[in-house]
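Enquirer: Fold the following, please.
(one chain, ligands or ions: 1)
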Amino acid sequence: MILPIVAYGDSVLRKKGATIQKNHDGLEMLINSMFETMYESHGVGLAAPQIAKPLNLFIIDTTPFEDEKYPNLKKVFINAEILEEFGDKWDFEEGCLSIPHIRENVKRHPNIIIRYMDENFDVHEEEYDGMAARVIQHEYDHVKGILFVDHLSELKKRLLKNKLINISKGGVSVDYRMKFPSNR
Ligand code: NI
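Expert: So this is what the prediction gives:
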């Protein structure tokens with residue numbers, strides 16, 4: 001089922017995702033719906049708060065990046081915890097399905113070590129780098145209530161303020177379903 005993506009300004013995007021238990025009701029369906037929703041909106045990652053579920057759950061599929069090291073990296077991250085981030089920070093222009101038409105450079109460490117559970121609740125501890133690490137860091141931020149614009153300088157934030165207010169008021173058009181805070 002394709003779900004509407006929550007827009008900037010909705011308080012659910014600021015909630016810390018709750019830990020998910022193995023018997024979580026409807027989890028498999030929720031994950032399937034998240035993949036459907038992500039593909040429909042041409043995203044490479046989607047976190048549960050973005051579909052109004054404040055849970056520690058996100059998905060990625062970085063296939064469009066054609067990363068030789070991680071081809072077809074399609075994964076579910078449940079109760080993830082980034083254990084380490086290292087390497088010299090690098091800039092890359094990020095966007096977010098919840099913040100349409102805004103793209104800004106964000107500095108992040110290139111390497112991460114992450115512990116998470118997959119959809120079968122098997123625990124993994126893995127290292128990622130480059131674009132794969134960046135997508136994971138972006139989605140991981142979401143389940144902590146953090147958005148990529150939070151990483152920008154105070155000046156950049158001031159310059160973006162009106163655009164962000166406009167998004168929260170539904171003043172943007174996108175080719176996927178969104179839910180704006182003002183029309184609840
Ligand atoms: Ni995002």
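Enquirer: F86: neighbour count?
Expert: 11 (other CB atoms under 10 Å). Yep, even glycine has a C-beta here, placed from its N, CA and C like the rest.
Enquirer: gap between it and E154?
Expert: Per CB to CB, to the nearest Å, F86 is found 26 Å from E154.
Enquirer: quick check: longest strand of this protein.
Expert: Assignment by DSSP state E gives strand 74-86 as the longest strand of the chain.
Enquirer: in this structure, what spans have low per-residue confidence?
Expert: Along the chain, segments meeting pLDDT under 70 span 182-184.
Enquirer: For the residue nearest to the spatial centre of it, which residues are in contact?
Expert: By CA atoms, centre = their mean, the mean C-alpha position of the chain lies nearest to E139, the distance being 2.9 Å. E139 sits next to G45, L46, A47, F58, I59, I60, F77 when contact means CB atoms under 8 Å, 6 or more residues apart in numbering.
Enquirer: So which of these belong to helices?
Expert: Using DSSP state H, no member of the contacts of E139 falls in helices.
Enquirer: from these, which two are the most distant?
Expert: Pairwise distances across the contacts of E139 (CB to CB) peak at 10.9 Å, for the pair L46 and F77.
Enquirer: Tell me which of these two has more neighbours.
Expert: For L46 and F77, the more surrounded residue by other CB under 10 Å is L46, and the numbers stand at 28 against 24.
Enquirer: A helix includes I146, no?
Expert: No - counting by DSSP: H, G, I helix; E, B strand; the rest coil, I146 falls outside a helix, being coil.
Enquirer: Tell me how far it lies from E125.
Expert: From I146 across to E125, the span is 22 Å (CB to CB).
Enquirer: same thing with F86?
Expert: Where E125 is concerned, F86 sits at a distance of 15 Å (CB to CB).
Enquirer: got it, and K53?
Expert: The gap separating K53 from E125 is 25 Å, by CB to CB.
Enquirer: out of those two, which sits in the busier spot?
Expert: For the pair K53 and E125, the greater number of neighbours falls to K53 (19 against 10), based on other CB under 10 Å.
Enquirer: In space, what's closest to the more buried one - neighbours in sequence excluded?
Expert: L30 (6.8 Å; CB to CB, 6 or more residues apart in numbering).
Enquirer: CA atoms only: put the helix or strand L155 falls within into CSV for me.
Expert: Secondary-structure element containing L155, defined by DSSP states H and E: helix 154-168. Provided in CSV are the C-alpha atoms of helix 154-168 (Å, rounded to 0.1, in the frame of the first residue of the first chain):
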residue,chain,number,x,y,z
GLU,A,154,22.8,29.0,11.0
LEU,A,155,23.1,31.2,8.0
LYS,A,156,21.9,28.5,5.6
LYS,A,157,19.0,27.7,8.0
ARG,A,158,18.0,31.3,8.0
LEU,A,159,18.1,31.5,4.2
LEU,A,160,15.9,28.3,4.0
LYS,A,161,13.4,29.3,6.7
ASN,A,162,10.7,30.7,4.4
LYS,A,163,11.0,27.7,2.0
LEU,A,164,10.6,25.3,4.9
ILE,A,165,7.6,27.2,6.2
ASN,A,166,6.1,27.0,2.7
ILE,A,167,6.6,23.3,2.6
SER,A,168,4.9,22.8,6.0
